[in-house]
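In: no sequence for this one, just the structure:
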């Protein structure tokens, strides 16, 4: 298995584990604050979860690996263009 696929698998597994662990604090939190407090919580949690999903989707890792590969070949302009 290639290093990229192995890294993607590890990041995906970490994402699922973090989501499962998230259930352990959501259930007691809802019991403590009720429906009205949960609405306030969702205002901040929804954007946070979107950015967390993007950050853990292995996209940043794949882009960084591609940029470093082009930089190792001496094609710095291609790496900069890929970054943009």
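Out: Received it, and whenever you're ready, just let me know what you need. In this text, all values refer to a predicted model and were calculated from it rather than measured experimentally.
In: And the pLDDT for the residue of the chain most remote from its centre?
Out: Ranking residues of the chain by C-alpha distance from their mean position (C-alpha atoms, centre = their mean) puts residue 74 at the top, at 29.5 Å. Note for residue 74: predicted pLDDT of 90.
In: Could you list the low-pLDDT ranges of the chain?
Out: Applying pLDDT under 70 to the chain flags the ranges 1.
In: And the helices in it?
Out: 3-55, 59-72, 76-83 (DSSP state H).
In: now the second one: how far from the chain's centre is it?
Out: The one in question is helix 59-72. 17 Å (C-alpha atoms, centre = their mean, to the nearest Å).
In: quick one: contacts for the residue nearest to the spatial centre of the chain?
Out: In the chain, the centroid-proximal residue (C-alpha atoms, centre = their mean) is residue 56; its distance is 1.8 Å. The contact partners of residue 56, by C-beta atoms under 8 Å, 6 or more residues apart in numbering, come to 11, 14, 15, 18. C-betas here are computed from N, CA, C, even on glycine.
In: Give me the spatial nearest neighbour of the last one, chain neighbours excluded.
Out: Closest residue to residue 18 in three dimensions, ignoring its sequence neighbours and counting by C-beta to C-beta, 6 or more residues apart in numbering: residue 56, at 7.5 Å.
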